[in-house]
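Enquirer: please work out how this folds:
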Amino acid sequence: MSKAIQWVRSLIFMIIIYAWMLVLGLVFAPYALFSKKGASRACRTYARSTMWLARWMVGIRCEVRGSPPSGEVVIGAKHQSFLDIIMIFAAIPHGKFIMKRELLWTPIIGMYARRLGCIPVNRGKKGVAVAKMVKDVAKEFAEPGQLVIYPQGTRVAPGSYKPYKVGTAVLYEGLGFPCVPVATNAGVFWPRTGIMRKPGLAIVDFLEPIESGVQRDEFLVRLEDVIETRSNELMREVGFDPDEAH
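Expert: Alright, predicted model coming up:
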């Protein structure tokens, strides 16, 4: 398939999945407004249907490896694109995300994020943001679930590097839960910017948990090492060398 045809298919795909988000969001809204279960069902339906459309329309196959957790844990995940978000959410039973506060004001997404119990963070005030995040998370965990946080704080393109922030370690310490690292290569096929979507095997890999009680500095070193090492392996598995990307 030529690049021009793939680009057109990618454009149509993007239009469809955002239109589908609006449709599903409105259809499920009466249910989701009064029920977290309704909000979760809507988001899970969207995630699974988007992965199906990705395979059918642009040739992206999605594969989840490892053992997605079902108990109370912190999930520290590599974040390369929107695709890894929906793959993780579809794989766990009660996912809630640490998210930037601006998304709360996004139509449809904001309402569902609140209903799922996602925790907004003001990234402009780092010290205050971390303290408030811990307080809000402790309150939210009156109901069990899996808390997903992106240790680098943003999407990072394959082959690029951003340091791991302390917020994940603070949550890990404060909650006293194990942390499940998650690696991915999703950004190779579904980049964080642009229209083009490339065919291939997008993988999200749930790795061995880091037990609770590890000291903060050691925890951050272990978390970064396992996520970055495994993500690089997954990228090389599909023919992308992160060392040659930049």
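Enquirer: which stretches of this structure form helices?
Expert: Applying DSSP state H to the chain gives helices spanning 3-34, 36-53, 82-91, 109-116, 126-140, 167-175, 216-237.
Enquirer: and the first one, how far from the chain's centre?
Expert: Between the centre of helix 3-34 and the centre of its chain there are 18 Å (C-alpha atoms, centre = their mean, to the nearest Å).
Enquirer: T168 against C179, yeah?
Expert: Yes - between T168 and C179 there is a contact at 7.3 Å, judged by C-beta atoms under 8 Å. The C-beta positions use only the backbone N, C-alpha and C, and glycine is treated the same way.
Enquirer: OK, contacts around the residue nearest in space to the middle of the chain?
Expert: The centroid of the chain falls nearest to I85 when counting by C-alpha atoms, centre = their mean (2.9 Å). Going by C-beta atoms under 8 Å, 6 or more residues apart in numbering, I85 touches 79, 97.
Enquirer: leaving out chain neighbours, which residue sits closest to L201?
Expert: R61 (5.1 Å; C-beta to C-beta, 6 or more residues apart in numbering).
Enquirer: could you report the pLDDT at that neighbour?
Expert: On the pLDDT scale, R61 is placed at 98.
Enquirer: make residue 1 into 267 and carry on from there
Expert: Noted, 267 is the first residue going forward, which turns the last one into R327.
Enquirer: from K344, how far off is it?
Expert: Between R327 and K344 the computed distance is 19 Å (C-beta to C-beta, to the nearest Å).
Enquirer: ok, the two, which is more surrounded?
Expert: K344 (25 against 13; other C-beta atoms under 10 Å).
Enquirer: any stretches of this structure with poor pLDDT?
Expert: For the chain, the stretches flagged by pLDDT under 70 are 267, 368-369, 371, 388-409, 511-512.
Enquirer: so Y312 touches V289, yeah?
Expert: No - the criterion here is C-beta under 8 Å, and Y312 misses it with V289 at 9.6 Å.
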